[in-house]
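1. heads up, no residue letters with this:
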């Protein structure tokens, strides 16, 4: 068996360090380097094996290189593997039904994370004719394999290569999209860090006694800046509301006469007067807190709410119907319940669908979003072993539920929606006590669990989560991720390298001594929001001892963040999905909710094209030029 000299080099200097490299990003050999240095890039599939045990590969697409020069079929010989175990797992992965792979060939000279160029020797005297890197996401050892070609029409499998995980760690279909993006855009960017820092010192907001169940950034009747959020804390002992004044967040709970105790809550215009109201459930009673013209809240019990369903609510959400008033959706253990308010503010129950099984005791909390891209908000009712998808057929009208693969596992969990792969469909990430799960939305009610092929999030701090946040906190147009835990552990902050490949944002670790070491003891509640209106995402944290801290982010070379805030019109019910494109790069979908705009970030000035469609209306498109600081677009 012939193997080139570089194997000895790799075995000695890289293989021993494979595990540390697994947790790092190599800034010197990113997917951009890989694609630019490759002479040819092929998408291939496998068509069984021949009598000699060689895998038959079929070229499905030529992504780079001359079409006429590429073989339609060739062989990969796994018998040449250095390690017998890798040979068997490589063979099993290649023969998996529907398996595809990407093959990169060229005279690669990758540079390690700490410097040092390696010549792989392709074409050198005594060396192989060519070297190839092959990516196949079901190859459990590493995702990446090194191949050598000693004769035309056949490649020899040498070994799996952990070194290349520092270049790209994720799914093959996502790498294909990343390759397309790099080939299309001469200035394509695959980040190697979050390129963001926390500002010092960390601000102290105040202190609360008791238990904070949830923190929420909500855009009430806006003050001076229409994109400035207020901080809402849901608390058993009484909710608190904070607003940015005189350089800090100030408690305005008494000023606004907000008198709620929210175990669950949601925001919406429930009386159709164009102002945002609060629906609050304290574990026994459901109440509305209607916001007056002067910003003061008036309490109004929801008459008959307990008779509608005698049991505990698991979730509250808002959606719209054909009126100007928001509809309340309550997730219960016996299924979702719609509560509609008439002109007098009285609650009227309406069944979700005629086929709802009121006797089933399998229901859970509900997520409201347009999951199939038709502009109408659907409902996903989460369950421990499976979920039910209620596809919207009109505003607040739904088809009978379909069982879908999404599940939460047993125990506490915190779901969040985010278009992590930028395909225009919202995915579901579930931080859970048992195991974190990432459900890729494939459209039309099809979801696939892809946690194992999503970068660093797949193998580090993968359980005991209670809450997840999806936010483009570094304004690069990609939706990032934060996970909070139910055990003494700091939040895990990950930036998105693009197309659902996450990496640990090491520079944003909150438990560092210079930032907020108390987070290592755990957190009661945490949320992102632009609380000072500067276009950057701030992080509000309630620590275990009740201290409220505000950690503000800073980006390189930016005094004010370049973001487009796409907000619902005054009194808009939503949610409305919006998608955006910037310099032909898709930024994916965001949800515009009552009290929360869809936000698209940018690192440089320039145009951004946004598309949206509300239920029953034509698709609308608008181009906005980002120049300096935040820009506002009303989704009329």
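-> Okay, I see it. Just so you know, these numbers come straight off a predicted model, no measurement behind them. Numbers count the residues shown, from 1 in each chain.
2. and residue 91, how far from residue 139?
-> Going from residue 91 to residue 139 by Cβ to Cβ, to the nearest Å gives 10 Å. For the C-beta atoms, the positions are set from N, CA and C on the backbone; glycine is no exception.
3. which of those two has more residues huddled nearby?
-> More crowded of residue 91 and residue 139, by other Cβ atoms under 10 Å: residue 139, with 23 against 19.
4. surely residue 624 and residue 634 touch.
-> No: under the criterion of Cβ atoms under 8 Å, residue 624 makes no contact with residue 634, lying 11.3 Å away.
5. make sure residue 565 is indeed in a strand.
-> Yes: assessed by DSSP: H, G, I helix; E, B strand; the rest coil, residue 565 belongs to a strand.
6. pLDDT score for residue 122?
-> Listed pLDDT for residue 122 reads 48.
7. and for residue 18?
-> Predicted confidence (pLDDT) for residue 18: 38.
8. do the same with residue 324
-> Here, the pLDDT recorded for residue 324 equals 75.
9. what strand or helix carries it?
-> Here residue 324 is covered by no helix or strand, with elements defined by DSSP states H and E.
10. got a list of what it touches?
-> Residues near residue 324 by Cβ atoms under 8 Å, 6 or more residues apart in numbering: 269, 272, 571, 573.
11. ok, so of those residues, who is nearest residue 499?
-> residue 573 (32.3 Å; Cβ to Cβ).
12. just the buried residues of stretch 603-612, please?
-> Within stretch 603-612, the residues scored as buried using 16 or more other Cβ atoms under 10 Å are 603, 608, 610, 612.
13. separation between the last one and residue 513?
-> So the one you mean is residue 612. Counting by Cβ to Cβ - residue 612 and residue 513 are separated by 44 Å.
14. which one of the contacts of residue 324 has the most neighbours?
-> Top of the contacts of residue 324 by neighbour count (other Cβ under 10 Å): residue 573, with 28 neighbours.
15. isn't that residue right up against residue 317?
-> No: using Cβ under 8 Å, residue 573 is not in contact with residue 317, being 11.6 Å away.
16. from residue 80, how far off is residue 260?
-> Residue 260 is 68 Å from residue 80, by Cβ to Cβ.
17. what would the buried residues of stretch 603-612 look like in TSV with pLDDT, distance to residue 36 and secondary structure?
-> Shown next, in TSV, are the buried residues of stretch 603-612 (pLDDT from 0 to 100; distance: Cβ to Cβ, whole Å; DSSP: H, G, I helix; E, B strand; the rest coil):
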residue	pLDDT	distance to residue 36	secondary structure
603	92	21	coil
608	97	26	strand
610	97	31	strand
612	95	35	strand
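18. and the two most separated of the residues you listed?
-> Using Cβ to Cβ, the buried residues of stretch 603-612 reach their maximum pairwise distance at 603 and 612, which is 23.1 Å.
19. pLDDT weak spots in the stretch 1-150 of the chain?
-> By pLDDT under 70, the low-scoring segments of the stretch 1-150 of the chain are 1-23, 118-126.
20. how about the strands of it, start to end?
-> With strands called from DSSP state E, counting those that start in this stretch, the stretch 1-150 of the chain shows them at 40-49, 55-64, 73-77, 100-105, 130-135, 144-151.
21. any chance of these in CSV, plus mean neighbour count and distance to residue 567?
-> Below are those laid out as CSV (neighbours: other Cβ atoms under 10 Å; distance: least, Cβ to Cβ, whole Å):
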stretch, mean neighbour count, distance to residue 567
strand 40-49, 18, 41
strand 55-64, 17, 39
strand 73-77, 19, 53
strand 100-105, 24, 40
strand 130-135, 24, 40
strand 144-151, 21, 43
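22. okay if I get those strands as TSV plus distance to residue 178?
-> What follows is these, written out as TSV (distance: least, Cβ to Cβ, whole Å):
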stretch	distance to residue 178
strand 40-49	11
strand 55-64	11
strand 73-77	23
strand 100-105	10
strand 130-135	11
strand 144-151	14
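23. nearest to residue 159, of the ones you listed?
-> Closest among those, using Cβ to Cβ: strand 144-151, at 5.8 Å.
24. surely residue 163 is within a strand?
-> No: using three-state DSSP, the assignment for residue 163 is helix, not a strand.
25. the chain should start at 140 in everything you say after this.
-> OK, 140 is where the count begins now, so the last one is residue 302.
26. what number of residues lie near it?
-> Neighbours of residue 302 under the rule other Cβ under 10 Å: 25.
27. tell me the spacing between it and residue 255.
-> Counting by Cβ to Cβ, the gap from residue 302 to residue 255 is 12 Å.
28. tell me, what's touching these two both at once?
-> With Cβ under 8 Å, 6+ apart, residue 302 and residue 255 have no common neighbours.
29. isn't residue 337 right up against residue 648?
-> No: distance between residue 337 and residue 648: 9.3 Å, which falls outside the contact criterion (Cβ under 8 Å).
30. which parts of the stretch 540-689 of the chain are strands?
-> Using DSSP E, counting those that start in this stretch, strands in the stretch 540-689 of the chain cover 541-543, 552-557, 566-571, 576-582, 585-588, 604-610, 619-624, 631-635, 641-643, 662-668, 677-682, 686-694.
31. which non-adjacent residue is nearest residue 268?
-> Spatial nearest neighbour of residue 268, excluding adjacent residues (Cβ to Cβ, 6 or more residues apart in numbering): residue 288 at 4.8 Å.
32. list the beta-bridge partners for that neighbour.
-> For residue 288, the beta-bridge partners are residue 269 (DSSP bridges).
33. just to check, it is in contact with residue 295?
-> Yes: applying Cβ under 8 Å as the test, residue 288 and residue 295 come out as touching, 7.3 Å apart.
34. pLDDT of the host helix or strand of residue 518, averaged?
-> Secondary structure from DSSP H and E places residue 518 in strand 517-520. Rounded to a whole number, the mean pLDDT of strand 517-520 is 96.
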